[in-house]
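Novice: Dropping the sequence and predicted coords here.
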Amino acid sequence: MKLARIPTGIDSLDYILQGGLPSGSLVLLLGEIGAGDFEFALTSSIRLLTAKESRDSDITIPEKVSYISFTRSKEDVMKEIAFSFPDYYNILQNSDSRNKFEFKDFSDAFFARSFIPAAWRSSCKTELTFDSLRWSEEQKNLIETLIDYIDKNANKSLLIIDSLTALTQYCLERMDWNDLILFLRGLQKASKRWDGLVYVILSEGIFDKSKQEEISECMDGVMIFEWGKLGPSQRQRVMYLKKFRGILPVLDSENIVNFETHISSQKGFEVSNIKRIRGG
């Protein structure tokens, strides 16, 4: 039986993956700072928003992209994209107007119980009033609101959670670690029902290895983004799949070790070279 796949939008990668990633996958993008995890998610989003329906019945293109942020406003993220990838910014603006792209900002709820002043954390520019200082239901329980939002928007969509680092830090202050793991396992199970793709971005080295491994265990796939050494003064971005149900045997059969990657303002994230085991 051939299962449905969703392209990553990175053509050279999708070719190796025989079309893309299994539909219904929860994928951890685990990256060192600046190694390309965010750029991968962004490029994948843009390519899928502009992709045409495939003639292959086993290839599925998401109907919508939903981007979830916990600490950054839409204006902040879009400004960064406009500076770094101006063409991508225009595509997202156009997709937003056609209801194909949605940005969900949870920063007000994330900072609600902190000492951070309202003027700093709020993305709303309206004048503060007494009523506006009351906690909304979203602020009272961020996790329940997040689950409700995902449930309503993840069906046949590409969902990006940026970042799992911030969400984990939030949860560790308010619940037991086991409750966070239970949430991730529930998300992994529910993703099969949505027939879409969920990317969650986590920064490498923030949590100890045992916690990082426990988070990885909840995922269908783990894609690693890191810096490789080319010499004393040069570095190369490298990506590899640490685990992926239904995918690793394909890479093993091709003797693939990792993918050297490149980021440009015109094309975003690209695979520049495929490294194979010598003799493979």
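Specialist: Thanks, I have it.

Novice: neighbours around the residue lying closest to Phe106 once chain neighbours are set aside, how many?
Specialist: Once flanking residues are discounted, Phe106 sits nearest to Phe70: 5.0 Å by Cβ to Cβ, 6 or more residues apart in numbering. Every C-beta, even on glycine, is put in place using the N, C-alpha and C of the backbone. Here the number of neighbours of Phe70 (other Cβ atoms under 10 Å) works out to 22.

Novice: Tell me the gap between the one helix or strand Gln169 maps to and the middle of its chain.
Specialist: Per DSSP states H and E: Gln169 is located in helix 164-172. Relative to its chain's centre, helix 164-172 lies at 15 Å (Cα atoms, centre = their mean, to the nearest Å).

Novice: before we move on, what about stretch 178-198?
Specialist: For stretch 178-198, the distance to the chain centre is 14 Å (Cα atoms, centre = their mean).

Novice: Rounded mean pLDDT for the strand or helix carrying Glu80, please.
Specialist: Here Glu80, judged by DSSP H and E, is contained in helix 74-84. The average pLDDT within helix 74-84 is 95.

Novice: what's the angle from the helix or strand following it to helix 74-84?
Specialist: Next along the chain after helix 74-84, taking DSSP H and E as the criterion, comes helix 86-97. Per axes from the mean of the first three to the mean of the last three Cα atoms, to 10 degrees, the angle that helix 86-97 makes with helix 74-84 is 150 degrees.

Novice: Tell me the helices and strands packed up against the helix or strand following helix 86-97.
Specialist: Per DSSP H and E, helix 86-97 leads on to strand 101-105 as the next helix or strand towards the C-terminus. Helices and strands touching strand 101-105, by 3 or more Cβ pairs under 8 Å, 6 or more residues apart in numbering; DSSP states H and E, are strand 64-69, helix 74-84, helix 86-97, helix 142-153.

Novice: Could you say which one of these comes nearest to Ile160?
Specialist: Nearest to Ile160, of all these, is strand 64-69, at 4.8 Å by Cβ to Cβ.

Novice: thinking again about what came up before, got the helices and strands packed on strand 101-105 as TSV, with distance to Ile201 and mean neighbour count columns?
Specialist: As requested, the helices and strands packed on strand 101-105 are exported to TSV (distance: least, Cβ to Cβ, whole Å; neighbours: other Cβ atoms under 10 Å):
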stretch	distance to Ile201	mean neighbour count
strand 64-69	10	22
helix 74-84	12	15
helix 86-97	17	16
helix 142-153	15	16
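
Novice: As CSV, the ones you listed with distance to Ala41 would be great.
Specialist: Below are the helices and strands packed on strand 101-105 laid out as CSV (distance: least, Cβ to Cβ, whole Å):
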stretch, distance to Ala41
strand 64-69, 8
helix 74-84, 11
helix 86-97, 12
helix 142-153, 16
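
Novice: Between those, which one is closest to Asp58.
Specialist: Asp58 lies closest to strand 64-69 among the helices and strands packed on strand 101-105, at 20.5 Å (Cβ to Cβ).
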